[in-house]
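In: sequence and computational prediction follow.
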There are 2 protein chains.
Amino acid sequence: MSKTVRVVENILSANDRIAARNRGLLDKSKVVAVNIMASPGAGKTSTILATFERLKQDGIRLGIIEGDLASSIDADKAIAQGIPAVQINTGCCCHLESHEMQEALDQMPLDEIDLLVVENVGNLVCPTWWNLGEHLRVLIASVPEGDDKPYKYPVMYKGVDAVIINKTDLLPYIDFNMDYFKEGVEILNPGLVTFPISAKTGEGMDAWVEWLKTAIAETHEAGTPASAD
Amino acid sequence: MSKTVRVVENILSANDRIAARNRGLLDKSKVVAVNIMASPGAGKTSTILATFERLKQDGIRLGIIEGDLASSIDADKAIAQGIPAVQINTGCCCHLESHEMQEALDQMPLDEIDLLVVENVGNLVCPTWWNLGEHLRVLIASVPEGDDKPYKYPVMYKGVDAVIINKTDLLPYIDFNMDYFKEGVEILNPGLVTFPISAKTGEGMDAWVEWLKTAIAETHEAGTPASAD
């Protein structure tokens, strides 16, 4: 085994130890954390904000950690909605790591939050390797990206608890075979639930939000939530 | 300096040495290499194929190296066009490295190629760090990704020679402020040329193809092409 491989393993192992601490902190405050991953421009922020609007009506208390290379564009949008938000700027790094999550959690009013969303850096590959201590992982795909993405980016599709297919409002203008896409997901992650939605028009949002509410409730009931692995 | 940082520097340095060899090999055969980078689903393959159709009419001899985590979907499309193609499957790796380019070059009929396109793995962050020995770097953005991408993924925009803005056919259906997008590009990379195009309808393709042909000619005339850095 090369020196390089050993170092990478050590880094991931250190990441996992901090992730376990993050999980303990979340569980102590009865916060369910969801790690949202996607390509750049799949509509992570708009989907999250549309989801928040619905969850707020059910009295669910929300918080968000925003991961971006640069800028606070996304955190500013959440704050405008009255949601506690922490922005992490990774600089040149293409994914969030657990030590960044740890620092963000220190700034979060965890006892006043039921659901904490972590919006990862836009990237269909790297974020999947880095456990942050979250309970659930959700991938947001989008219609304009094309129906071949599960076949071309299999690693991400294997490691998530649900897939949202956003921007269904663009289906009339794009060649996108929903059955072909879903078949790819099924091959990689049998039984995985998929939610075709449009964050813009609201189409399909009900089913996704119901699933999320059930997942939050089940995670709470479980007491000791399932591993994020 | 930590052990980890030293190891990463050593890896990048080794990558640069192989990239320099690749460049030498390309120059010896008078091949101009263009590294195409983009988010997943921005339309790299369809833009490249539409570009190839036009360049073939001018007698320019083409080749392509396809980088994907998995599958040979893209290489198959190029081969169907009669283009020499080598598929690199990176497995779990989010970018191409110079040693992969080197192995692909070994399989390419370089003496029968004028323009070699390298289609990188879909990723707006990592590929920018890895010099492959290419002469030119082009980023393909796309309208559905949103007009805020230069502000959120600045590293990639700083390191390229041109930006294509694909899928302009979707402008009527999406909130996308072209001026805001271009202002972001100008801040990061003053004077950088941008090409709004639709690979689907052909809109804007002429200007992009003319720029590419001029860049190919200039690289040939220069004899010792400019550094890819």
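Out: Okay, I see it. Residues are numbered from 1 along each chain as shown, chains lettered A, B, ... in the order given.
In: CA atoms for contacts and neighbours, from now on please.
Out: Will do.
In: which regions of chain A lie under the pLDDT threshold?
Out: Across chain A, residues meeting the criterion (pLDDT under 70) sit at A:1-9, A:11, A:223-229.
In: how about 90 then?
Out: Within chain A, the stretches with pLDDT under 90 are A:1-14, A:69-74, A:90-94, A:125-126, A:129, A:215-216, A:218-229.
In: would you map the helices across it?
Out: Along chain A, counting by DSSP state H, helices occupy A:3-28, A:44-57, A:73-80, A:98-106, A:149-152, A:154-158, A:178-188, A:205-222.
In: and chain A, which residues reach chain B?
Out: When proximity is defined by C-alpha under 8 Å from any C-alpha of the partner chain, chain A lies next to chain B at A:4, A:7, A:39-43, A:68-71, A:92-94, A:122-126, A:144-146, A:149, A:151-155, A:170, A:173.
In: go again using 6 Å as the cut-off
Out: Counting by C-alpha under 6 Å from any C-alpha of the partner chain, the positions of chain A adjacent to chain B are A:G41, A:A70, A:C94, A:V125, A:E145, A:G146, A:K152.
In: for those residues, give me TSV that also has neighbour count and distance to A:S13.
Out: Shown next, in TSV, are the residues of chain A next to chain B (neighbours: other C-alpha atoms under 10 Å in any protein chain shown; distance: C-alpha to C-alpha, whole Å):
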residue	neighbour count	distance to A:S13
A:G41	28	31
A:A70	19	27
A:C94	24	18
A:V125	26	19
A:E145	24	33
A:G146	19	35
A:K152	22	27
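In: what's the closest of the helices of chain A to B:N177?
Out: Within these, the stretch nearest B:N177 is helix A:73-80; the backing value is 15.6 Å (C-alpha to C-alpha).
In: what does that closest one contact?
Out: Residues outside helix A:73-80 that contact it (C-alpha atoms under 6 Å, 6 or more residues apart in numbering or on different chains): A:E66, A:A85, A:Q87.
In: do that again at 8 Å, thanks
Out: Contacts with helix A:73-80, where a contact means C-alpha atoms under 8 Å, 6 or more residues apart in numbering or on different chains, come from A:T45, A:L49, A:I64, A:I65, A:E66, A:P84, A:A85, A:V86, A:Q87.
In: again with stretch A:189-196
Out: The contact list for stretch A:189-196 (C-alpha under 8 Å, 6+ apart) reads A:157-158, A:161-166, A:168, A:182, A:185-186, A:204, A:207-208.
In: filter these to the buried ones?
Out: Burial by neighbour count, judged by 16 or more other C-alpha atoms under 10 Å in any protein chain shown, picks out A:157-158, A:161-166, A:168, A:182, A:185-186, A:204, A:208 from those.
In: can you tell me which residues contact A:L116?
Out: Applying C-alpha under 8 Å, 6+ apart, the residues near A:L116 are A:V31, A:V32, A:A33, A:V34, A:L62, A:G63, A:I64, A:I65.
In: residue nearest the middle of chain A, spatially speaking?
Out: Central residue of chain A (C-alpha atoms, centre = their mean): A:I36, 1.1 Å from the mean position.
In: so it makes contact with A:V138?
Out: Yes. A:I36 is within contact range of A:V138, at 5.0 Å (criterion: C-alpha atoms under 8 Å).
In: surely A:I64 meets A:V117?
Out: Yes. Here A:I64 reaches A:V117: they are 4.7 Å apart, a contact under C-alpha under 8 Å.
In: the two: who's more crowded?
Out: A:I64 (27 against 22; other C-alpha atoms under 10 Å in any protein chain shown).
In: now that one: how far from chain B?
Out: From A:I64 over to chain B the distance is 18 Å, taken as C-alpha to the nearest C-alpha, to the nearest Å.
In: what sits opposite that residue in the beta ladder?
Out: For A:I64, the beta-bridge partners are A:A85, A:V117 (DSSP bridges).
In: quick one, what contacts it?
Out: So A:I64 contacts A:A75, A:A78, A:I83, A:P84, A:A85, A:V86, A:L116, A:V117, A:V118, A:E119 (C-alpha under 8 Å, 6+ apart).
In: quick one: contacts for the fifth one?
Out: A:A85 sits next to A:G63, A:I64, A:I65, A:E66, A:A75, A:A78, A:I79, A:M108 when contact means C-alpha under 8 Å, 6+ apart.
In: before we move on, what about the third one?
Out: With C-alpha under 8 Å, 6+ apart as the criterion, the residues that contact A:I83 are A:L62, A:G63, A:I64.
In: thinking the second one is in contact with A:V117, fair?
Out: Yes. Between A:G63 and A:V117 a contact is recorded at 6.3 Å, counting by C-alpha under 8 Å.
In: nearest residue to A:I197 in space, please, no chain neighbours.
Out: Leaving aside its sequence neighbours, A:I197 sits nearest to A:G204 (C-alpha to C-alpha, 6 or more residues apart in numbering or on different chains; 4.4 Å).
In: wait, I meant A:E100
Out: A:I88 (7.2 Å).
In: can I assume that neighbour is in contact with A:I65?
Out: Yes. Judged on C-alpha under 8 Å, A:I88 makes contact with A:I65 at a distance of 7.2 Å.
In: overlap in contacts, those two.
Out: A:A104.
In: so for these two, which residue has more residues nearby?
Out: A count of neighbours by other C-alpha under 10 Å puts A:I65 above the other of A:I88 and A:I65, at 26 against 23.
In: wait, doesn't the more buried one sit right on A:V117?
Out: Yes. If you go by C-alpha under 8 Å, A:I65 and A:V117 touch, sitting 6.3 Å apart.
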